[in-house]
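Participant: Kindly generate the corresponding structure for this input.
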Amino acid sequence: MKASEYRAALAVLGLTASAVEKLFGVDQLTSRRWASGEQDVPRAVALCLLLMASHNTSVIQAQILADGVDTRFARSA
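Facilitator: Just a heads-up that it's a prediction; the model follows:
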């Protein structure tokens, strides 16, 4: 994922730097480096963003899944 694609994915999903920090367990500096192209976006992060965008998964739904909350709840959300 190119830096421009990363920035576009964040915009489409409405993800802020603090949301990226919480969802992916990184600091805001890392997110800025991904956005600037200074550091490659990890493949897993790129895949997650693309899947979220293509399946209309909200940030809240992704956070529920990432935090390991009961998956029965996550499916009904």
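
Participant: Quick check: buried residues in stretch 25-37?
Facilitator: By neighbour count with 16 or more other C-beta atoms under 10 Å, stretch 25-37 contains the buried residues Val26, Thr30, Ser31, Arg33, Trp34, Ala35. Heads up, the C-betas are built off the backbone N, CA and C, glycines and all.

Participant: residue ranges for the strands of the chain, please.
Facilitator: Under the criterion DSSP state E, the chain carries no strands.

Participant: Residue ranges in the chain under the pLDDT threshold?
Facilitator: Low-confidence regions of the chain, defined by pLDDT under 70, span residues 68-77.

Participant: Ser4 and Gly25, how far apart?
Facilitator: Distance of Ser4 to Gly25, given as C-beta to C-beta, to the nearest Å: 24 Å.

Participant: and what of Met52?
Facilitator: Between Met52 and Gly25 the computed distance is 16 Å (C-beta to C-beta).

Participant: cool, and Ala11?
Facilitator: Following C-beta to C-beta, the distance that separates Ala11 from Gly25 is 21 Å.
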